[in-house]
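**Student:** A structural model of the following input is requested.
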Amino acid sequence: MNNATQHGKNKRIGLLAAWGDYPIEVARALRKSGHTIYCLGVEGHANRPALEPLCSAYESVGIGRLGFALRYFKKHAVQNATMAGKFHKTLLYRPWVWFRHLPDWTAIRHFFPYFAQPQWSSDHKDCKDDTLLLALVDAFARRDIHFVPATDYAPELLVQCGQLTKRGLTLAQENDIAFGWDLAKEMGRLDVGQSVAVKGQAVLAVEAIEGTDQCIRRAGSLCPSGEFTVVKVAKPNQDMRFDVPTIGLGTVRSLHEAGGRVLAIEAKKTIVVGEDELIAYADQHKLVIVSFSRPEAESIAA
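**Tutor:** Next up is the predicted model:
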């Protein structure tokens, strides 16, 4: 029994929505299952016009307004929440970011050990994605607001195993997938990124803070001949509450425009948003999209 079933009697739920279409799909699934949705849309990320009609209440929240977010969910008696969408972490490294976004006192107290210079804090922590997101989840849990994986409510968005497009793989592409799998898994274990671009079993680009689409574009600029393969996987110990690998039409469009040919994703651990449109686009441009699990990757390598 998943968490969504366990909490089924409590139809009141919070949604922390960031960038992309994934939060919209989650909101639709929650509404279809009879949930009352109280949404916090991250400023500069969430698609308010699409989300607000699906929710009982909607408020925008700045990236530094943790206290406001906690009070909002508490005001609406939210005990269970879920998050969906990509947060553009590059915002945190822009000049004067905290003056622009004005963090509240709750955020300053909670995240000071993460962003303060080491000499300012005896409890200095790193700023890896999982570290920051776990800290965020912990802040809500301390107020008895518990985050649940969004895929518990919309499991149909998790891709199943198999070939998604009409076009299949060549032997060289199979070898590149097997080669790229281990690299992507190791990058995930280190909490660096979830995607790698390879060709001829050589690494073209590794995803870091910039995200998958920019990683693909960089691979295209470094490999003008194109025909490369992108492998995107979940982290070895993926916390399904956040940062779940996600692809949509934009990812496939970036692959085509950069000259790539193959997108390999991890089955049952990757969210595919707008699958029908995505596959139609891929077929039109003769791209290959496949979904597999580790045993299949090993059989490819063999």
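**Student:** Please tell me how far Val252 sits from Gly20.
**Tutor:** Between Val252 and Gly20 the computed distance is 14 Å (Cβ to Cβ, to the nearest Å). Every C-beta, even on glycine, is put in place using the N, C-alpha and C of the backbone.
**Student:** Show me which of those two is the more surrounded one.
**Tutor:** Legend: neighbour count by other Cβ atoms under 10 Å for Val252 and Gly20, higher for Val252 (26 against 19).
**Student:** do you know how far that one is from Phe140?
**Tutor:** Val252 is 34 Å from Phe140, by Cβ to Cβ.
**Student:** Check Ala17 too.
**Tutor:** Distance, Ala17 to Phe140, using Cβ to Cβ: 15 Å.
**Student:** Those two - which one has more neighbours?
**Tutor:** Higher neighbour count among Ala17 and Phe140: Ala17, with 30 against 21, using other Cβ under 10 Å.
**Student:** Spatially nearest residue to the more buried one (excluding sequence neighbours)?
**Tutor:** Counting by Cβ to Cβ, 6 or more residues apart in numbering, Ala17 lies nearest to Pro23, which is 3.6 Å off, once chain neighbours are set aside.
**Student:** so that neighbour is in which element?
**Tutor:** Using DSSP states H and E, Pro23 sits within helix 22-32.
**Student:** how about that helix: buried residues?
**Tutor:** By neighbour count on 16 or more other Cβ atoms under 10 Å, the buried set for helix 22-32 is 22-30.
**Student:** Over to stretch 193-211?
**Tutor:** Neighbour count says stretch 193-211 has 193-199, 204-207, 211 buried, by 16+ other Cβ under 10 Å.
**Student:** Equivalent analysis for stretch 52-60, please.
**Tutor:** 52, 54-55, 58-60.
**Student:** Point out the other helices and strands that the host helix or strand of Ala219 packs with.
**Tutor:** Using DSSP H and E, Ala219 sits within helix 212-222. Counting contacts by 3 or more Cβ pairs under 8 Å, 6 or more residues apart in numbering; DSSP states H and E, helix 212-222 packs against strand 195-199, strand 202-206, strand 229-232, helix 249-258.
**Student:** Including mean pLDDT and distance to Leu287, could those go into CSV?
**Tutor:** Listed next are the helices and strands packed on helix 212-222 as CSV, based on pLDDT from 0 to 100; distance: least, Cβ to Cβ, whole Å:
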stretch, mean pLDDT, distance to Leu287
strand 195-199, 98, 14
strand 202-206, 98, 17
strand 229-232, 98, 10
helix 249-258, 97, 6
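**Student:** Just tell me which of these ends up closest to Gly67.
**Tutor:** Proximity to Gly67, assessed across the helices and strands packed on helix 212-222 by Cβ to Cβ, is greatest for helix 249-258 (33.1 Å).
**Student:** and the angle for that closest one with helix 212-222?
**Tutor:** 0 degrees (axes from the mean of the first three to the mean of the last three Cα atoms, to 10 degrees).
**Student:** Please tell me the pLDDT value assigned to Thr131.
**Tutor:** Thr131 carries a pLDDT score of 83 in this model.
**Student:** Tell me how many other residues surround it.
**Tutor:** With neighbours defined by other Cβ under 10 Å, the count for Thr131 comes to 13.
**Student:** Check Val288 too.
**Tutor:** Counted with other Cβ under 10 Å, Val288 comes out at 23.
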